[in-house]
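1. Turn this into a model:
(chains A and B)
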Amino acid sequence: MTDRMPDRHLSFSRRRLLAGAGALALLAPRPAGAVLSIDITQGNPRPMPVALPDFVAGTPGEEQVASEVTAVITNNLQRSGLFAPINPSAFVAKVTNSDTVPQFADWRVINAQALVTGRITRQPDGRLKAEFRLWDVFAGQQLDGKQYFTSPDNWRRIAHIISDAIYERLTGEKGYFDSRIVFIDETGPKQRRVKRLAIMDQDGYGVRYLTRGDELVLTPRFNPSTQEITYMSYGQGDPRVYLLNIETGQREVVGNFPGMTFAPRFSPDGQRVIMSLQQGGNANLFVMDLRSKQTTRLTDAPAIDTAPCYSPDGQYICFESDRGGTQQIYVMPAGGGVAQRISFGEGHHSTPVWSPRGDYIAFTGQARGEFSIGVLKPDGSGERILTEGFHNEGPTFAPNGRVIMFFRDVGPGPFLHTVDITGRNDLKVPTPSYASDPAWSPLLS
Amino acid sequence: MKTASAISAGLHAAVLLWAIVSFTGETFKVTPAQSLPVDLISDKDFSEMTKGVKDAPKPVEKPKPLVEKVEKKDEPRPVDEAKPKITEKKEVEATKNEPQPQPEQKSDPIAEKIKEQPEKQEAKIEPTRLPPRRPPRPPAKQHKFEPNKIAALLNKRDPQRNAAIGDTINSTRSLGTAAANSAARLSQSEIDALRARLNALWNPPVGMRDGDRLQITIRIRFRRDGTLADGPQVITSGSGARYNAMRDSAVRAVLTGQPYTMLRSEHYDSWKEIDFTFDTQAMYRDISLQ
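-> Residues are numbered from 1 along each chain as shown, chains lettered A, B, ... in the order given. The predicted structure is shown next:
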């Protein structure tokens, strides 16, 4: 179209010419009124039907593992609340070769929107090779396909990693299945509870105890960047803060903090810990560099400031304070400064935890004699309660910020539960006995 | 103080007094406007009305009173009109011959059905007579119903309304205009049905971070039977896991919905290509209100 322009137009500045050409280009493919345009603004969110036929055994003898891997993936997707795995008895087709393109019509019949096929093969060197392909049944195309190698006893992790890949491709969010939970395992009668630090996969399998139970342990917290945790332990009187490497089992005393009111939390880079120390009737926030052990005071208020937590970018801290009269959540710059109250909902707000994706702060609410778990945005807007009841406490975010785990006690003892940040899909997490104080690890891979 | 307050009080009183005296002017004279009957109708109703009814009685005698009332306004015309009426009728005969081959040209199954019923054929032709009987607006028959030009259509209805104020009320069902029939666009009810179907089928990924900022526009080319002529063409561009998940969910909804039987084949020209924009913003607003 530009060649038709009169000469004087050519003398215009290049930018203007480009702008004009751009405007014409925008107009060109869509003459006014030629194509009917319809807006679809109300979707119907529901769990997506997914077909997960058993993985194929690439070598004889792997049928058992192949089937178990499929079961773990199915369980993961089901528990996320976003997928509805279809009962295998409804399948009209059988997958015998994961390399060929499936007959999509067979899967459309049972309304599967996505199909996962895979194969487990034992390599000559003894390792397992796990392959999977994710298909879009209605579009008739492959969405994802990957293969992994691992030692045979690690098959469960492979299943979690495949679950994460499927989850990410279909929801657009990173998964959280390849992660672990550290929690306080509670056994024995109520008066003489034995509390042990324990760790397990996020789906409740592979429980391992990290302490013997002769000391009272509390509030374990994960280092966001490594597989390291801190926790508080009341051994002989004063609370001690320990640093424990889960892989090596190495334990180190961070310090002896008389008057510690809450377990420290790591900064996002894992280099510092932030904590609250009691002095007289007040408690203030301090940050300690883990290398130099140098401590800096962040607040100096005649109030109880406690439960600090960093934002994922490390720029801000949220904490709980009663400086306004009741326990509420405040946000301030990580280096100290003016704290802004963000919680204005009903009742008290405590134990704030910043989501790893930064969009929400989860808290324990207390109103009308009930304890609830809720979320609000860091600017204080959008507060909503996810679950409410006799006792709910201690929220911790999944690595993708989509799911919150907390512990619920309806009388006899606490159990771990998860809930989606939309408030749906409240599920109990299987644990060997009573469990409290969960902390969700970052993704392992 | 006393004097000051006295002056103040005095001045206030004076102002109030002045206001009372000067503001009581004459009451506004309102000339009662002639009331016009106005019906508020939806797009759907409008398209239904202009479409007309096939089995309506022939409006042979009905237009006469309409013409009479128009005639009253301009005295010299009635004489002129009486003569043209006869000549016009001849013209109408000519037009009669023209539309007859029309059904033959149509290869539609619907046209064939119409052929089978000769009475209805006549009904279709009859409306062409209507416009010539209204001398002031002969070109009206060329109007085609376009949703964007509803105002123009409303203007066209004015003469009828004037007549309605007269002695007799035109209560008989009309055949509608021929133009409205032939150019019927996708009606609002069809669009609503299509939208409802896609709303129900679309399973957007929820709870995504910044998911409310994503918009996916997909262009679909349909076959006459309501199935997709080729793959959905995504017009918006983007990248990243969130975009892909959202895009796939929209494409999946469009694919699972076929065939779109609510789209009538006689309107095929208006729905053979449709742009669907999938937007979760409204949904996210709902969630945040929970």
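
2. Return the backbone torsion pair for residue B:274.
-> phi -130, psi 140 (degrees, to the nearest 10).

3. What are the neighbouring residues in contact with it?
-> By CB atoms under 8 Å, 6 or more residues apart in numbering or on different chains, the residues touching residue B:274 are A:35-38, B:194, B:219-220, B:222. (Glycine included, C-beta is placed from N, CA and C.)

4. Same question for residue A:38.
-> Residue A:38 touches B:191, B:194-195, B:198, B:274-277, counting by CB under 8 Å, 6+ apart.

5. Recalculate using a threshold of 6 Å.
-> Contacts for residue A:38 (CB atoms under 6 Å, 6 or more residues apart in numbering or on different chains) come out as B:195, B:276.

6. For it, which three-state class applies?
-> Counting by DSSP: H, G, I helix; E, B strand; the rest coil, the backbone at residue A:38 sits in strand.

7. Give me the neighbour count for the residue of chain A found nearest chain B.
-> Residue nearest to chain B within chain A: residue A:172 (3.1 Å; CB to the nearest CB). Look at residue A:172: counted by other CB atoms under 10 Å in any protein chain shown, it has 24 neighbours.

8. Go ahead and confirm it touches residue B:214.
-> No - using CB atoms under 6 Å, residue A:172 is not in contact with residue B:214, being 8.8 Å away.

9. Skipping adjacent residues, who's closest to the residue of chain A closest to chain B in space?
-> residue B:245 (3.1 Å; CB to CB, 6 or more residues apart in numbering or on different chains).

10. Surely that neighbour touches residue A:169?
-> No - contact between residue B:245 and residue A:169 fails when scored by CB under 6 Å: they sit 7.1 Å apart.

11. higher neighbour count, the two?
-> residue B:245 (23 against 18).

12. Quick check: the more buried one is in a helix.
-> Yes - assessed by three-state DSSP, residue B:245 belongs to a helix.

13. ok, now which ones touch it?
-> The neighbours of residue B:245, taking CB under 6 Å, 6+ apart as the test, are A:171-172, B:205.

14. Adding distance to residue A:410 and pLDDT, write the contacts of residue B:274 out as JSON lines.
-> Output for the contacts of residue B:274, formatted as JSON lines (distance: CB to CB, whole Å; pLDDT from 0 to 100):
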{"residue": "A:35", "distance to residue A:410": "57", "pLDDT": "78"}
{"residue": "A:36", "distance to residue A:410": "55", "pLDDT": "82"}
{"residue": "A:37", "distance to residue A:410": "53", "pLDDT": "86"}
{"residue": "A:38", "distance to residue A:410": "49", "pLDDT": "87"}
{"residue": "B:194", "distance to residue A:410": "48", "pLDDT": "87"}
{"residue": "B:219", "distance to residue A:410": "54", "pLDDT": "90"}
{"residue": "B:220", "distance to residue A:410": "52", "pLDDT": "88"}
{"residue": "B:222", "distance to residue A:410": "55", "pLDDT": "89"}
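
15. Which pLDDT value goes with residue A:362?
-> Residue A:362 carries a pLDDT value of 93.

16. Spatially nearest residue to residue B:242 (excluding sequence neighbours)?
-> residue A:172 (3.7 Å).

17. again but with residue A:220, I slipped
-> residue A:231 (4.1 Å).

18. secondary structure class for that neighbour?
-> Strictly by three-state DSSP, residue A:231 counts as strand.

19. residues touching it, list them.
-> A:217, A:220, A:242.

20. With residue B:190 instead?
-> Neighbours of residue B:190 in contact, by CB under 6 Å, 6+ apart: B:262-263.

21. And the helix or strand containing it, what's buried?
-> Assigned by DSSP states H and E, residue B:190 belongs to helix B:188-201. Within helix B:188-201, the residues scored as buried using 16 or more other CB atoms under 10 Å in any protein chain shown are B:188, B:190-191, B:194-195, B:197-198, B:201.
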